[in-house]
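> what's the 3D shape of this:
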Amino acid sequence: MINIKREGVFCPLSLRKGYMDQNNSSFREKVEAIVAQIPKGRVMTYGQIAALCGNARAARIVGGIAHFGDPSLPWHRVVNRKGGLAAGYPGGRNAHKKHLEMEGIRFNDDNFIQDFDNILWFPKML
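The predicted structure follows:
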C-alpha cells in the first residue's frame, strides 16, 4: 500500500484516489454502502466491514475511510473487534460513546459495549 501525507496524517493512497478492484467497484463505495445500512442501536466492526467488502485484512483502511469519509453516514456505529470505541472519532471516545448511548447502547466500566455479541449486526445481503 502506498501512503501519502495529508495535513500531518498518513492517508492511504487508496482513500484519496478511489482504489478500483477487479470488479471495477471502489472499496470505499462498498464500505459506505454497508455502513449506511447499519440500523440504530446496532454496530459492526471495522474488520467485519472489510471482510464483507472483500479484504478481511483491511480493517485499518475501513477506519481511514470512516475518518475521511462522508460525514452524513452513521460512522458512530462502527467499533473495534472488542466493542471498543475509536480514539479518532470526532470528539474522541467520549463523543463516540455518547452517540451510541443515544441509540440505547450501554457500556461497561471499561467503555466496551455491554452484550456486544447481541448488539453486533450482520447484513442479510449486500
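> What about R106, how many residues nearby?
Counted with other Cβ atoms under 10 Å, residues neighbouring R106 total 10. For the C-beta atoms, the positions are set from N, CA and C on the backbone; glycine is no exception.
> For the most centrally placed residue in the chain, grab phi and psi.
Of all residues in the chain, the one closest to the mean position by Cα atoms, centre = their mean is V78, 4.1 Å from it. Torsion angles at V78 (phi, psi; degrees, to the nearest 10) stand at phi -110, psi 130.
> For it, give the beta-bridge partners.
Counting by DSSP bridges, V78 is bridged to M44.
> show me what contacts it?
35, 38, 43-46, 49, 62, 66, 86 (Cβ atoms under 8 Å, 6 or more residues apart in numbering).
> Output the residues you listed as TSV; include the columns pLDDT.
Shown next, in TSV, are these (pLDDT from 0 to 100):
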residue	pLDDT
V35	98
I38	98
V43	98
M44	98
T45	98
Y46	98
I49	97
V62	96
A66	94
A86	93
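> now, which of those lie within helices?
The helices, defined by DSSP state H, take in 35, 46, 49, 62, 66 from these.
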